[in-house]
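>>> predicted coordinates and the sequence they were generated for:
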Amino acid sequence: MIRLKKSDLDVIKHIAEETYPHECCGIMVGSVEGDTKSVSELVPAVNERTDSLANRYLITANFVQKLETRLRGAGSSIVGFFHSHPDVPARPSAYDQEHAWPWYSYLIVSVIKGKANEALNWKLKDDRSAFDPEDIEFH
């Protein structure tokens, strides 16, 4: 499960609407207790794709490395990623599955005609065969 503030989801939806018709992307930072990931910070990223911006996103390794360096020793870590799906449901695509990592949470917001719609959270199975829905809890 992932736990975040309702205001965090509002921020992600706002970013998704602002980025429409392209995909937005970012990283969720927080802590882990048992099977629950608690988000304490959202780190929006620039979609670094140079093609297919409407249905692909890229967060560079350099961006992730800089964030991990900043977090080292701070008691927080990367717990997941968020991105939008313009004009399609908030369900992982085959591309998402190919590029995702097990364990992390993947929050996807569907943006229909510029308006954020459903937001669903997913976790890739350890064998990478499919995504399972992962509960969202608000605090």
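Yep, that arrived. Fair warning: this is a prediction, and the values are worked out from it, not measured in the lab. Residues are numbered from 1 along each chain as shown.

>>> only C-alpha atoms for contact and neighbour calcs from this point on.
Will do.

>>> chain neighbours aside, what residue packs nearest to the residue most central in space within the chain?
Among the residues of the chain, the one closest to the centroid is residue 82, at 1.4 Å (CA atoms, centre = their mean). Once flanking residues are discounted, residue 82 sits nearest to residue 107: 4.6 Å by CA to CA, 6 or more residues apart in numbering.

>>> list the beta-bridge partners for that neighbour.
Beta bridges link residue 107 to residue 82, residue 121, judged by DSSP bridges.

>>> what score does it have for pLDDT?
For residue 107, the model assigns a pLDDT of 98.

>>> dump the residue contacts of it.
80-83, 119-122 (CA atoms under 8 Å, 6 or more residues apart in numbering).

>>> which other helices and strands does the one helix or strand residue 15 maps to contact?
Assigned by DSSP states H and E, residue 15 belongs to helix 6-19. Helix 6-19 makes packing contacts with strand 77-86, strand 105-112, strand 115-124 when contacts are defined by 3 or more CA pairs under 8 Å, 6 or more residues apart in numbering; DSSP states H and E.

>>> who touches the last one?
Taking CA under 8 Å, 6+ apart as the criterion, the residues outside strand 115-124 that touch it are 13-14, 16-17, 89-92, 97, 100-111, 130-136.

>>> which of the residues you listed are buried?
Among those, those buried by neighbour count (16 or more other CA atoms under 10 Å) are 13, 16-17, 89-92, 97, 100-101, 104-111, 130-131, 133-134, 136.

>>> thinking again about what came up before, measure the residue nearest to the centre of the chain to residue 73 for me?
Noted for residue 82: a distance of 24 Å to residue 73, by CA to CA, to the nearest Å.

>>> so the residue nearest to the centre of the chain makes contact with residue 28?
Yes: in this structure, residue 82 is within contact of residue 28 by CA atoms under 8 Å, at 7.1 Å.
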